[in-house]
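Peer 1: Sharing a sequence plus its predicted fold:
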Amino acid sequence: MPTTTPTTTATIVRGWRPVGLDDDDSCRIVDIHLELASDANPVGRLLDARLVLRGLLVPTELGFRPRQHLDTPSPWQILDLGLFRGRMGNQYADYDPRAEQGPDGLQAGSTVYLFRIGRVLPSDALCFLVLRRVRADGGEAVYKRIGLAELFVRQFGQVDVVKEVRSLGEETVVTIV
């Protein structure tokens, strides 16, 4: 299915290079696949796009914040991820997963995944893609991004948040569509 993207997406993705972090949880690009609608327009529509990354993947429980009296909640008023309960951080939804109907809809209590992509400056917070598993292609899990999250490293009463997050996840390769 053709996807309309910002006109510079293909160019930016092709030119992007990972920036190493100061620890072992650096996210690394394994592969980038872009199928343009027209080879004559390298900054145009994409027919297909996949990003394959290696890094730390942490499962967590999906929850939702109570609905406010708003027709459309703001991105920071939707997600309530299990790993963040009792911790300081921010969670931003790309869209409201509760609005999806049928088998694509996500329910509270579902497992979603945090994929560590780096640190946020100047706060030094751990930055994650929030992913949902959409299918398995020949044993390989395929994910879709549903948001972003940042977990503050300096927590009241927490000794080592980085070490705790590492212990909950595993180094793996993910394909994001």
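Peer 2: Sure thing, it's come through.
Peer 1: contacts and neighbour counts: CA atoms only from here.
Peer 2: Fine.
Peer 1: most centrally placed residue in this protein?
Peer 2: The structure's the chain has its C-alpha centroid closest to residue 129; by Cα atoms, centre = their mean the separation is 1.9 Å.
Peer 1: so that one makes contact with residue 118?
Peer 2: No: contact criterion Cα atoms under 8 Å: residue 129 and residue 118 do not qualify, at 9.7 Å.
Peer 1: still on that earlier bit, the residue nearest to the centre of the chain: helix or strand, and which one exactly?
Peer 2: In this assignment (DSSP states H and E), residue 129 forms part of strand 125-137.
Peer 1: Mind listing the strands that strand pairs with, and their directions?
Peer 2: Applying DSSP bridges to the sheet, strand 125-137 is found paired with strand 111-120 (antiparallel), strand 140-151 (antiparallel).
Peer 1: measure residue 74 to residue 94 for me?
Peer 2: 10 Å (Cα to Cα, to the nearest Å).
Peer 1: sorry, back to before: so which of the strands paired with strand 125-137 is the most surrounded?
Peer 2: Sort those by mean neighbour count, taking mean count of other Cα atoms under 10 Å, and strand 111-120 sits at the top with a mean of 22.
Peer 1: how far does it sit from the chain's center?
Peer 2: When C-alpha coordinates are averaged (Cα atoms, centre = their mean, to the nearest Å), strand 111-120 and its chain have centres 6 Å apart.
Peer 1: tell me the mean pLDDT over it?
Peer 2: Strand 111-120 carries an average pLDDT of 88.
Peer 1: What of stretch 83-92?
Peer 2: Mean predicted confidence for stretch 83-92 is 83.
Peer 1: Report the buried residues of whichever strand or helix holds residue 52.
Peer 2: Element membership of residue 52 [criterion: DSSP H and E] is strand 46-61. Judged by neighbour count (16 or more other Cα atoms under 10 Å), strand 46-61 contains these buried residues: 46, 50, 51, 52, 53, 54, 55, 56, 57, 58, 59, 60.
Peer 1: now for these, which pair is the farthest apart?
Peer 2: With Cα to Cα as the measure, no two of the buried residues of strand 46-61 lie farther apart than 46 and 60, at 31.0 Å.
Peer 1: How about the contacts made by the residue nearest to the centre of the chain?
Peer 2: For residue 129, the contact set (Cα atoms under 8 Å, 6 or more residues apart in numbering) comprises 114, 115, 116, 117, 145, 146, 147, 148, 149.
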